[in-house]
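>>> Need the 3D shape of this:
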Amino acid sequence: MKDYKAVLFDLDGTLLDTSAGVIDCIQLTIDRLNLEQLSMESVIKFIGPPLQNSFKDICHLDDSMVDIAVKTFRSFYTGDNLFNVKIYDGIFDLLEYLKSQNIKVAVATYKQEDFAKTLLEHVGISKYCDYIYGSDPQGILTKADIVEKCIKSFGEDKSNVVLIGDSHFDAIGSKNAQVDFIGVTYGFGFKSKKDVAEFENVFSADNVYEILEEFRK
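Below is the predicted model:
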């Protein structure tokens, strides 16, 4: 592994398993708005991408209904629902190591920024982060836009930055932002290293400890 000076993390499916809380709130939203019931396979697809995209593509809602659905979801996605997460094994070990090596750390997530900051503070991860950037309420920012915000705050050359994520959104975002990419298969997007290999990447991992060992080389 090259000597990166800054590491960016996706949140959902990379730092945290947020599936329980998100799934509950999607189901509550569908029930509240009397939308067509979805299979669990379809509901899981909501985890990670912008909500606006998911409600439009999965529920086939028009723009006005998308706005209503997003606002309804966010009204449920607080307190116990927001904090109903699991931290992936090895995350704290990885973060501790990065900080011990004076490597800067940031989070670049599609989760709405205020939700991301509240959640990461609650689980004890925010103290390792130099910056936390997320989606705007309207869902206009792309992944590359969010990555670019991190890079600008770091003041680092892009060649010294790598993004770690679990989906093609992260892979494409890193490419568009011109930073290296590490793909993980333990989240909600990529199911195998073969899936990661379809995109430009410097490494792929089936668990967090594989990432840690690679950084230690």
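
>>> Tell me the buried residues in whatever helix or strand L28 lives in?
Element membership for L28 (DSSP states H and E) is helix 19-32. Within helix 19-32, the residues scored as buried using 16 or more other CB atoms under 10 Å are 19, 21-26, 28-30. For the C-beta atoms, the positions are set from N, CA and C on the backbone; glycine is no exception.

>>> What average pLDDT does whichever strand in the chain runs longest get?
The longest strand of the chain (DSSP state E) is strand 104-112. Mean pLDDT, computed over strand 104-112, is 96.

>>> tell me what that strand is packed against?
In terms of contacts (3 or more CB pairs under 8 Å, 6 or more residues apart in numbering; DSSP states H and E), strand 104-112 is packed against strand 6-9, helix 91-100, helix 113-122, strand 131-135, helix 143-154.

>>> Compare those and report which one is nearest to D67.
strand 131-135 (14.5 Å; CB to CB).

>>> and the angle for that closest one with helix 113-122?
140 degrees (axes from the mean of the first three to the mean of the last three CA atoms, to 10 degrees).

>>> coming back round to it: how far away from the center of its chain is the helix holding L28?
18 Å (CA atoms, centre = their mean, to the nearest Å).

>>> where does the most far-flung residue of the chain relative to its centre fall, helix, sheet strand or coil?
Relative to the mean C-alpha coordinate of the chain, counting by CA atoms, centre = their mean, the farthest residue is N34 (28.5 Å). Three-state call for N34 (DSSP: H, G, I helix; E, B strand; the rest coil): coil.

>>> How confident was the prediction at it?
So N34 comes in at 95 (pLDDT).

>>> And it, how far from V43?
16 Å (CB to CB, to the nearest Å).

>>> so I47 sits right up against T14, yeah?
No - using CB atoms under 8 Å, I47 is not in contact with T14, being 11.3 Å away.

>>> Which one of the two is surrounded by more residues?
Comparing I47 with T14 by other CB atoms under 10 Å, the one with more neighbours is T14, at 30 against 23.

>>> circling back: relative to V123, which of the buried residues of helix 19-32 is nearest.
G21 (12.0 Å).

>>> In contact with the closest one: list those residues for me.
77, 80-85 (CB atoms under 8 Å, 6 or more residues apart in numbering).

>>> give me that answer again for 10 Å
47, 76-85, 119 (CB atoms under 10 Å, 6 or more residues apart in numbering).

>>> Next: N201.
Contacts of N201 by CB under 10 Å, 6+ apart are 162-163, 165, 170-171, 174-175, 180-183, 190, 193.

>>> Quickly list what's touching both of I47 and T14.
Common neighbours of I47 and T14 (CB under 10 Å, 6+ apart) are 166-167, 187-189.

>>> now, which of the residues you listed lie within strands?
Per DSSP E, the subset of the shared contacts of I47 and T14 in strands is empty.

>>> Need these in JSON lines (columns: pLDDT, distance to K127 and neighbour count).
Output for those, formatted as JSON lines (pLDDT from 0 to 100; distance: CB to CB, whole Å; neighbours: other CB atoms under 10 Å):
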{"residue": "D166", "pLDDT": "97", "distance to K127": "23", "neighbour count": "27"}
{"residue": "S167", "pLDDT": "95", "distance to K127": "26", "neighbour count": "26"}
{"residue": "G187", "pLDDT": "96", "distance to K127": "23", "neighbour count": "25"}
{"residue": "F188", "pLDDT": "92", "distance to K127": "25", "neighbour count": "20"}
{"residue": "G189", "pLDDT": "92", "distance to K127": "27", "neighbour count": "24"}
